[in-house]
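Engineer: Test case, fold it:
(chains A and B)
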Protein chains: 2
Amino acid sequence: MLIYDLSKCGTVPKYIYLYMCIKEDILTGKLKPGEKLPSKRALADHHNLGVVTVANCYEQLLSEGYIVSYERKGYFVEELSELQNRSPGSSQLPLAEPAGEEAAPVSAEIGEQPEAEEEDREYSFDFKANRASLDLFPRATWNQLMRKTLYQEDDSLYTTPPYNGLYILRKAIAGYLERERGMYVDPSQIIIGAGTEYLYSRLTQLFGRHSIFGFEDPGYKNLAAITASYGNPCRFIPSDGSGLRVDLLDDSGVDVVHVSPANQFPTGRTMPARRRAELFEWVSRVKKRYIIEDDYDSEFRYKGRYIVPMFADGASEKVIYMNTFSKTMVPSLRISYMVLPKNLVEKYRETVSFYSCTVSSFEQYTLAHFISEGYFERHINRLKNYYRKIRLSLISAVQQSKLADISEIIEHNAGTHFLLEVHTRLTSEEIRTAAEKADINLRMYADYCDFVPQEMNRAIVVNYAGVQEEKIPEMVARLEMMFPECS
Amino acid sequence: MLIYDLSKCGTVPKYIYLYMCIKEDILTGKLKPGEKLPSKRALADHHNLGVVTVANCYEQLLSEGYIVSYERKGYFVEELSELQNRSPGSSQLPLAEPAGEEAAPVSAEIGEQPEAEEEDREYSFDFKANRASLDLFPRATWNQLMRKTLYQEDDSLYTTPPYNGLYILRKAIAGYLERERGMYVDPSQIIIGAGTEYLYSRLTQLFGRHSIFGFEDPGYKNLAAITASYGNPCRFIPSDGSGLRVDLLDDSGVDVVHVSPANQFPTGRTMPARRRAELFEWVSRVKKRYIIEDDYDSEFRYKGRYIVPMFADGASEKVIYMNTFSKTMVPSLRISYMVLPKNLVEKYRETVSFYSCTVSSFEQYTLAHFISEGYFERHINRLKNYYRKIRLSLISAVQQSKLADISEIIEHNAGTHFLLEVHTRLTSEEIRTAAEKADINLRMYADYCDFVPQEMNRAIVVNYAGVQEEKIPEMVARLEMMFPECS
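Structural biologist: As a prediction, this is how the structure comes out:
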């Protein structure tokens, strides 16, 4: 039986403390791969805890890939070979040819719809938009903080903001990252910019024209397009069931790799601990290697605690952490940020600080107040409850429809989308045409692939960020009608 | 005697109509180079006009370089050879070696101070900042419009703005350009971005890696640094008394040239009509050639009407017009825009529309209301009156000080700075050191030069945008004390 001294947990919630202890034992080898963990009830009884506490702890270890669970058997410390067998088709995935500089630009910012001018059409049903309900944005608070900002005495509103953003906002973000991601960073490590693409452009310049950038396949292709526009070579690295295939990185020649360990897009997977460890080993081996950890969407987890970023997990010297407020606040607010490893702060200043900051001080101040006065975390919770509800309604509507017989929902209790893998005789082109006819705006999984795995050729990306609850029955009915197998 | 039918002027002010008539006659050759114009009084009497009206007309023709005036002789149609002789030292200017990709980044955005983090020092006296007085920004109006924006029904606030900016703002800008610059453009030609540098990056991508960019020397060096960061070759083109030496453009291999015809920085010169015509001829000769017309600061003219942009002057197919609100509104507001020739609109969309817009919709909306409800033009007038006053106070304080004997003020009734050419035995390095000691923040003319003309080696750029009137006597006293010749 695992015995831990929970009296040492201090102010840390018990389930998190327990999670930290078990994780530590796995990492140090005290708990061996394949070893069975005690049942939730047994561990709870032994430590005088509620079963829910242990369940939360195991849930967290599960989502981070430290343990696995088998139905009716229990929980086991994860084994690498097990993991690879678990993911269907992963070992058969051939190595896609690196697409190089010709990567076609695909979408706007991560998870956002492409530009309105590109397709003027307004759809009745939208599985692509990131348009949260109007009522969710805390307008009164925002208005009050904007007013406060405008009338504050500090005259830095009337000067050009520094290249890396206002100190007050960087400090507020540092506080948030400490509270909500376990990251201990100095505000000087943070860079504010108008969108992830903007920050990406600066990173491309920081690493220089000869650095080779690697991207997850499937994943967002527009970041590769940005990098390629600077003349940098890009490689798409295939994934398997555990995410990016680190074993292929060495041969690819990649120097800087972009990953989303907490919530990969579009698969929705969390990178398991073993794969993380491999990635960490890869990045540590060569001085010029770095990881760009895109933590987009990580706020929306509906089970367990947040996934600890690699940055906070011993890799802060080799990881550039990135996130955005476009998704959590409102898509029209163009504020993203990144956290540089301390060893890159000075180089960044020397190399690209001649670019002025792209975010107005008004909005930087307002957001800083919004975060430091606690509104942001409350807002995230409200959004999370809202998305949880929409997600459940949508999933249950699909499950109760005829789609249930011909499709599988692939999702991982996180983000604002799931995959709907449809078994149909329609080709993916026919699915698109049918969606157009049904006045549904959607993207296919294949849109995010360099190499499209056969079995995912007909998977639809169902992004419910812009879905209104009252429209769900009609939406699902229209989806149903798209497929001849449902009639 | 020149005879024009002023009854045809309609709603156009008489002095502008008269200006248009005379300009037309110069351009068509009806008025020959060197030809003497009637005296102001004679022309006024003949047309039943006030002398002031004719004076304003001549002033405008003078500032645009169509005519020249000689003391006690009168006004003459400009001659090219005259113009070149008039500018001291211009013909001796050697061709500077193109600096190529190694151009060091110098400043942040045009006319703005470099980043606060670069130099933490706070100076008591600042000839570098763009910090207009707090009282000048119309806070109450802005606050009211922000509130209106936040509570408007239109839900596009809750979606990602299109890559080129919100239609409502582009339309407001098109209206402003028509009223205040005589430019007739469609909103689809306008691109909104967070700062001139951002737009510059997109243009570099639009024209492609093999386009050679040309920049005025002296001028802003940071735009060259941006272009160079994409791997594009850059050339610095020397200037003479009429601005950029177009005769050197052909040999330079430049495809796209950046100029500020209305108000060159840091010389403050307006490009005379003859040079403009040469530039127009240069750009028209080869299909891939374009002009980037940076109209920064053009709002601040203290005599005469605005300078007609080349875009509005027959070159709209070959000119990309650029301007920013950072200077006219408040430096912390990161909103710039450019107007593309119609023939580049579609290419821009195809090439770089995968970059999301970098300006938040909140501020785009608020600014759109601010412009279309007439607040912007009123604000500009208020600012102009304010700067005019500061400028006069500062110039007269310098003229009444001991600096008058050892320096010359070079300025052209425009912008928010003048040049102070000091005849001193101090080296430029010693001037910098003395300024540091006097707690004065300043830039030298040489900071904006690739090649520094001997006679300008000790010229100081006196930017009065951030100067408070009550500080002027002390500022000038400190300037005086910097130079041994004054004691």
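Engineer: Strands along the stretch 51-200 of chain A, start to end?
Structural biologist: Ranges of strands in the stretch 51-200 of chain A, per DSSP state E, counting those that start in this stretch, are A:67-70, A:74-77, A:125-126, A:190-193.
Engineer: how far does the third one sit from the chain's center?
Structural biologist: The chain centroid and the centroid of strand A:125-126 are separated by 23 Å under Cα atoms, centre = their mean, to the nearest Å.
Engineer: how about the residues of the stretch 301-450 of chain A that lie near chain B?
Structural biologist: A:326, A:330-335, A:349, A:352-363 (Cβ under 8 Å from any Cβ of the partner chain). For glycine as for every other residue, the C-beta is placed from the backbone atoms N, C-alpha and C.
Engineer: one more time with 10 Å, if that's ok
Structural biologist: A:326, A:329-335, A:349-366 (Cβ under 10 Å from any Cβ of the partner chain).
Engineer: quick one: which of the residues you listed sit in helices?
Structural biologist: Those of those mapping onto helices are A:349, A:350, A:351, A:352, A:361, A:362, A:363, A:364, A:365, A:366, per DSSP state H.
Engineer: Touching, the third one and residue A:191? I think so.
Structural biologist: No. Judged on Cβ atoms under 10 Å, residue A:351 makes no contact with residue A:191 at a distance of 11.9 Å.
Engineer: so where is the stretch 51-200 of chain A shaky, pLDDT-wise?
Structural biologist: A:80-120, A:130-134, A:153 (pLDDT under 70).
Engineer: that older thread, show me how to select, in ChimeraX, the buried members of the residues of the stretch 301-450 of chain A next to chain B.
Structural biologist: Per 16 or more other Cβ atoms under 10 Å in any protein chain shown, the buried members of those correspond to this ChimeraX selection:
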select /A:326,329,330,331,332,333,334,335,349,351,352,353,354,355,356,357,358,359,360,361,362,363,364,365,366
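Engineer: now for the ones in helices among the residues of the stretch 301-450 of chain A next to chain B, which pair is the farthest apart?
Structural biologist: A:350 and A:366 (30.7 Å; Cβ to Cβ).
Engineer: contacting residues for residue A:207?
Structural biologist: A:213, A:227, A:230, A:232, A:255-256, A:288, A:290, A:292, A:320, A:344, A:347, A:351 (Cβ atoms under 10 Å, 6 or more residues apart in numbering or on different chains).
Engineer: of those, buried ones?
Structural biologist: Among the contacts of residue A:207, those classed as buried by 16+ other Cβ under 10 Å are A:213, A:227, A:230, A:232, A:255, A:256, A:290, A:292, A:320, A:344, A:351.
Engineer: correct me, but residue A:12 touches residue A:57?
Structural biologist: No. Between residue A:12 and residue A:57 there is no contact under Cβ under 10 Å: 11.9 Å.
Engineer: Identify the contacts common to those two.
Structural biologist: A:18, A:19, A:20.
Engineer: quick one: residue A:403 from residue A:412, how far?
Structural biologist: Residue A:403 sits 20 Å away from residue A:412, going by Cβ to Cβ, to the nearest Å.
Engineer: Looking at these two, which has the bigger crowd around it?
Structural biologist: residue A:403 (23 against 17; other Cβ atoms under 10 Å in any protein chain shown).
Engineer: quick one: that one and residue A:396, what's the gap?
Structural biologist: Counting by Cβ to Cβ, the separation of residue A:403 from residue A:396 is 12 Å.
Engineer: residue ranges of the helices in the stretch 301-450 of chain A, please?
Structural biologist: A:342-352, A:361-372, A:375-399, A:403-406, A:428-437 (DSSP state H, counting those that start in this stretch).
Engineer: most packed of the ones you listed?
Structural biologist: Comparing the helices of the stretch 301-450 of chain A by mean neighbour count (mean count of other Cβ atoms under 10 Å in any protein chain shown), helix A:361-372 ranks first with a mean of 24.
Engineer: Can you tell me which helices and strands that one packs against?
Structural biologist: Where contact means 3 or more Cβ pairs under 10 Å, 6 or more residues apart in numbering or on different chains; DSSP states H and E, helix A:361-372 is packed against helix A:139-151, helix A:167-181, strand A:190-193, helix A:375-399, helix B:139-150, helix B:361-372.
Engineer: Pipe these into a markdown table and attach distance to residue A:241 per row.
Structural biologist: Converted to a markdown table, the helices and strands packed on helix A:361-372 look like this (distance: least, Cβ to Cβ, whole Å):
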| stretch | distance to residue A:241 |
| --- | --- |
| helix A:139-151 | 42 |
| helix A:167-181 | 25 |
| strand A:190-193 | 34 |
| helix A:375-399 | 22 |
| helix B:139-150 | 45 |
| helix B:361-372 | 39 |
